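S.K.: quick check, what structure comes out for this input:
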Amino acid sequence: MLFLEICYHDTYYDFEPTLRKNFIFKIQVAQKICPHHVGHYLGLDIHDTPTIPSTKRFEAGVVFPLEPGIYFRDELAKLGVSRDFLGIGMRVEDDFVMSKTGCAENLEHVKDDLLLEEA
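M.R.: Sure thing, here's the model as predicted:
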């Protein structure tokens, strides 16, 4: 069973121990550098589904982005984050569709003009 809350949980809880294990940070700051959820549902508009809870199970045909991001804001210096990291941020977004078999399929291979035709 897959839904957005699990995606966030897995991203956050896998990321934070990796940072500590590799001695990147001595304190738990993953939530501070990953301040937002990892995705949302997509409808006819990019963000037209705000009332759908992140705990709703994905069904076949549901389209959603996974967009993890990390941001090293200046305020993290007081938490022990090296100044070398401050001001750096990155967010990656890939769109997926849930298949009938329960697998999330990346839509990167779909041409933009085909997506426009389908809409």
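S.K.: for the rest of this, base every contact and every neighbour count on C-alpha atoms.
M.R.: Noted.
S.K.: distance check, the residue nearest to N106 when sequence neighbours are not counted against R83.
M.R.: What sits nearest to N106 in space, not counting adjacent residues and going by C-alpha to C-alpha, 6 or more residues apart in numbering, is F96, at 4.5 Å. Separation of F96 from R83 (C-alpha to C-alpha, to the nearest Å): 36 Å.
S.K.: could you check how far the most centrally placed residue in the chain is from M98?
M.R.: When C-alpha atoms, centre = their mean is applied to the chain, the residue found nearest the centroid is V38 (2.2 Å). For V38, the distance to M98 equals 16 Å [C-alpha to C-alpha].
S.K.: ok, and the closest non-adjacent residue to P65?
M.R.: D95 (4.0 Å).
S.K.: need the pLDDT of Q28.
M.R.: If you check Q28, the pLDDT there is 63.
S.K.: nope, L19 is what I was after
M.R.: 69.
S.K.: those helices in this protein, which residues are they?
M.R.: Under the criterion DSSP state H, helices of the chain are mapped to 4-21, 30-33, 112-118.
S.K.: is the closest residue to Y41 other than its chain neighbours in a bridge, and if so with what?
M.R.: With C-alpha to C-alpha, 6+ apart as the criterion, Y41 has its nearest non-adjacent residue at 4.6 Å, and that residue is F64. On the basis of DSSP bridges, F64 is bridged to F96.
S.K.: so who does F64 touch?
M.R.: G39, H40, Y41, L42, D95, F96, V97 (C-alpha atoms under 8 Å, 6 or more residues apart in numbering).
S.K.: and the gap between it and Q31?
M.R.: Distance, F64 to Q31, using C-alpha to C-alpha: 22 Å.
S.K.: hmm, back to that, who has more neighbours out of F96 and R83?
M.R.: Comparing F96 with R83 by neighbour count (other C-alpha atoms under 10 Å), the higher total belongs to F96, at 20 against 13.
S.K.: the more buried one: what's it in contact with?
M.R.: By C-alpha under 8 Å, 6+ apart, F96 lies in contact with V63, F64, P65, L66, A104, E105, N106, L107.
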